[in-house]
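A.B. asks: My questions are about this predicted structure, shown below with the sequence.
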Amino acid sequence: MRLLPDDVRAQVREMFAEKLDQKVRVRLFTQKLNCQFCTETEALFREVAELSSGKMEVAVHSLVNDEDLAKQYAIDKAPGWVILGLEEDGTEKDFGVRGFGIPSGYEFSALVEDLIMVSRRKPDLSEHALEHLKDVNTPIHIQVFVTPTCPYCPAMVHMAHAAALASHHVRADMVEVSEFPELGTKYNVYGVPKTVINDSVEFEGLVPEEHFIHELLHAAGVTPSH
């Protein structure tokens with residue numbers, strides 16, 4: 001049974017045909033118990049891959065049985081996924097683009113944009129933002145808490161993932177908070193999107209790129225040099 005309506009499938013196929021460049025691989029980690037949407041998430045990724053004309057691969061792993069691989073990608077809950085660049089020789093490039101939970105509802109648009117962005121190896125950020133990210137030289141972990149019904153969440157997720165693509169010091173997670181309520185409690189998520197950077201800087205709402213980069217640099221302890 002297909003999860004995507006025919007019109008959405010047609011739109012995604014057209015976008016992929018026009019914009020996908022290099023190959024990408026999604027590594028999805030699932031588990032059989034205590035995972036409400038693992039089956040649906042796997043089905044969704046496989047269906048999206050079918051629309052890519054061979055430019056997208058999906059590899060499914062067990063969070064429990066493939067524990068070492070999950071740790072390698074910093075995946076600690078299911079469903080958890082990472083979008084990787086796939087080189088012509090088969091080697092992977094990990095840009096720090098992560099997601100936890102099913103990318104459904106409004107978040108599906110962020111997934112499609114992220115796949116295209118990783119495929120093109122070009123962060124969707126301004127040159128000014130990219131220059132500032134060059135000043136980051138310490139590990140940065142961004143978590144963007146979302147729900148499928150939030151229209152402002154995809155843009156915030158995509159901005160965070162773009163920062164990860166731009167800097168090898170940055171790892172950015174989309175976290176579907178209704179699937180991981182314990183994290184919602186831990187980080188006091190009362191509205192979405194809510195962004196938490198290094199557990200020290202947090203803000204709510206879809207913010208302008210300039211504000212996001214400012215907060216990221218603050219979390220990194222960096223004073224912009226340009």
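C.D. replies: Received, thanks.

A.B. asks: May I have the phi/psi pair for Met56?
C.D. replies: Per-residue torsions, Met56: phi -130, psi 130 (degrees, to the nearest 10).

A.B. asks: Which residue lies closest in space to it, excluding its sequence neighbours?
C.D. replies: If you skip the residues right next to it in sequence, Met56 has Ala49 as its closest partner in space, 4.5 Å away by CB to CB, 6 or more residues apart in numbering. Where C-beta positions appear, they are placed from N, C-alpha and C, glycine not excepted.

A.B. asks: And for Lys32?
C.D. replies: Distances taken as CB to CB, 6+ apart place Cys38 nearest to Lys32, at 7.7 Å, with adjacent residues excluded.

A.B. asks: what are the phi and psi angles of the one you found?
C.D. replies: Backbone geometry at Cys38, expressed as degrees, to the nearest 10, gives phi -60, psi -50.

A.B. asks: In this structure it contacts Thr30, no?
C.D. replies: Yes. Here Cys38 reaches Thr30: they are 3.9 Å apart, a contact under CB atoms under 8 Å.

A.B. asks: which of these two has more neighbours?
C.D. replies: Between Cys38 and Thr30, Cys38 has the larger neighbour count (other CB atoms under 10 Å), namely 22 against 19.

A.B. asks: which residues does the more buried one contact?
C.D. replies: The contact partners of Cys38, by CB atoms under 8 Å, 6 or more residues apart in numbering, come to Thr30, Gln31, Lys32, Ala78, Pro79.

A.B. asks: three-state assignment of the fourth one?
C.D. replies: Assigned with DSSP: H, G, I helix; E, B strand; the rest coil, Ala78 falls in the coil class.
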